[in-house]
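Asks: Coordinates for the following, if possible.
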Amino acid sequence: MTVLIVGFAVVVMMMVVVVTDISKVFLVRRDLDATADGAVLAAANGLAAIYAQPSGGGNAAIDPEEARRLTAEYLDSVDAGNRFSGLDWSADVTGTTVTVTLTSSVDLPFEPPGWQGSAAVASDAAAVVPIR
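Replies: Here you go, the predicted structure:
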């Protein structure tokens, strides 16, 4: 009976470790998603305020450097560099679409033998720049 109880206790402890680690990664990923959404919206809205609508009713060409500057300003304003460990980001422009990619690493609360002590997470967000 003791062996059975110890065995169940080990299984329960492993489940707690796995659920805790997965929950931490999920919460950081959700926060990274929200930060990427905010960054891309800040860039898209900032660019929309800069560019005037061309006479043909289409969208103006977007300056990639301006998109990167607006993204960097947003990330600095929300202190993303301190909130996420090893934060790396990029802002790319394709046509009238701005895409922001954020990557970070998450230190796991528990590190069972043979597991990595951290996990890499990434988030992408894209927005079309409306020119009114």
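
Asks: CA only for contacts and neighbour counts going forward, please
Replies: OK.

Asks: so how far is stretch 7-16 from its chain's centroid?
Replies: 32 Å (Cα atoms, centre = their mean, to the nearest Å).

Asks: let me fix that: stretch 6-13
Replies: On the basis of Cα atoms, centre = their mean, stretch 6-13 sits 35 Å off its chain's mean C-alpha point.

Asks: Mind jotting down where the helices sit in this protein?
Replies: 2-50, 64-77, 80-83 (DSSP state H).

Asks: Could you give the number of residues near Asp31?
Replies: Residues lying near Asp31 (other Cα atoms under 10 Å) number 15.

Asks: still on that earlier bit, mind checking which of the helices of the chain is nearest Leu102?
Replies: Leu102 lies closest to helix 2-50 among the helices of the chain, at 6.5 Å (Cα to Cα).

Asks: Next, the angle helix 64-77 makes with the closest one.
Replies: 130 degrees (axes from the mean of the first three to the mean of the last three Cα atoms, to 10 degrees).

Asks: helices or strands up against helix 2-50?
Replies: helix 64-77, strand 97-107, strand 118-128 (3 or more Cα pairs under 8 Å, 6 or more residues apart in numbering; DSSP states H and E).

Asks: doesn't Ser123 make contact with Leu102?
Replies: Yes: contact status for Leu102 versus Ser123: in contact at 5.3 Å, counting by Cα atoms under 8 Å.

Asks: Between those two, which contacts overlap?
Replies: Leu32, Ala36 (Cα atoms under 8 Å, 6 or more residues apart in numbering).
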